[in-house]
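Undergrad: Quick one, structure for this:
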Amino acid sequence: MSTLPALAATSPVDEVEESTRGMFLTMTVADQLFGIPVLAVQDILSTQRITRVPLAPPEVLGSLNLRGRIVTAIDVRTRLGIPAPTEKPDEEENMSVVVDHDGELYSLVIDKVGEVMSLPETDYEQKPATLDPRWQEVSSGIYRLKDRLLVVLDVASLLRLDKTRAL
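TA: Presented below is the predicted three-dimensional model:
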């Protein structure tokens with residue numbers, strides 16, 4: 001009687017997800033550090049020409065063309081309720097992090113892209129009650145780093161735009 005080797009309990013996809021759990025692309029908006037899961041990131045772009053979309057919610061800056069695909073540009077600053085800077089140096093440009101959500105591409109317009117950080121799951125904390133209500137709505141938790149707080153954004157919640165809410 002021959003014995004077959006036991007099948008692995010995890011697939012290669014599960015192994016990739018396991019190895020990237022706790023890995024975040026960091027980005028900055030108004031000197032606040034945010035992170036999104038690295039697997040959600042499709043691309044990183046420098047400043048792009050954005051075409052305004054009439055009657056779009058305030059968070060929607062418009063759309064851009066990325067290699068032949070139309071991408072909706074979301075102003076993360078507006079989505080988080082962070083006021084626009086009073087003055088911005090000319091050399092400072094916004095960056096975009098492109099994410100895929102339900103088969104559609106979205107460009108998250110932010111101030112700066114940081115680095116990919118691998119953080120231990122044991123350091124992950126639930127959202128504090130003192131976190132701004134808008135941030136509560138779009139975040140999944142936090143990491144307390146040595147010198148600052150990393151707010152982990154939930155991409156699906158961030159992209160859930162309420163067209164009736166006045167910002």
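
Undergrad: does the residue nearest to the spatial centre of the chain sit in a helix, a strand or a coil?
TA: In the chain, the C-alpha nearest the mean C-alpha coordinate belongs to residue 36, at 4.3 Å (Cα atoms, centre = their mean). State at residue 36, reduced to three classes by DSSP: H, G, I helix; E, B strand; the rest coil: strand.

Undergrad: contacting residues for it?
TA: Residues in contact with residue 36 (Cβ atoms under 8 Å, 6 or more residues apart in numbering) are 24-25, 27, 97, 99, 108, 152-153, 155. Heads up, the C-betas are built off the backbone N, CA and C, glycines and all.

Undergrad: Can you tell me, leaving aside adjacent residues, what's nearest to residue 49?
TA: Leaving aside its sequence neighbours, residue 49 sits nearest to residue 64 (Cβ to Cβ, 6 or more residues apart in numbering; 6.6 Å).

Undergrad: how many other residues sit next to residue 48?
TA: Residues near residue 48, counting by other Cβ atoms under 10 Å, number 18.

Undergrad: Do you know the pLDDT at residue 165?
TA: According to the prediction, residue 165 has pLDDT 45.

Undergrad: Sorry, wrong one. I was asking about residue 161.
TA: 69.

Undergrad: and what of residue 92?
TA: Taking residue 92 on its own, its pLDDT is 56.

Undergrad: Now do the helices in this structure.
TA: 12-20, 76-79, 133-138, 155-158 (DSSP state H).
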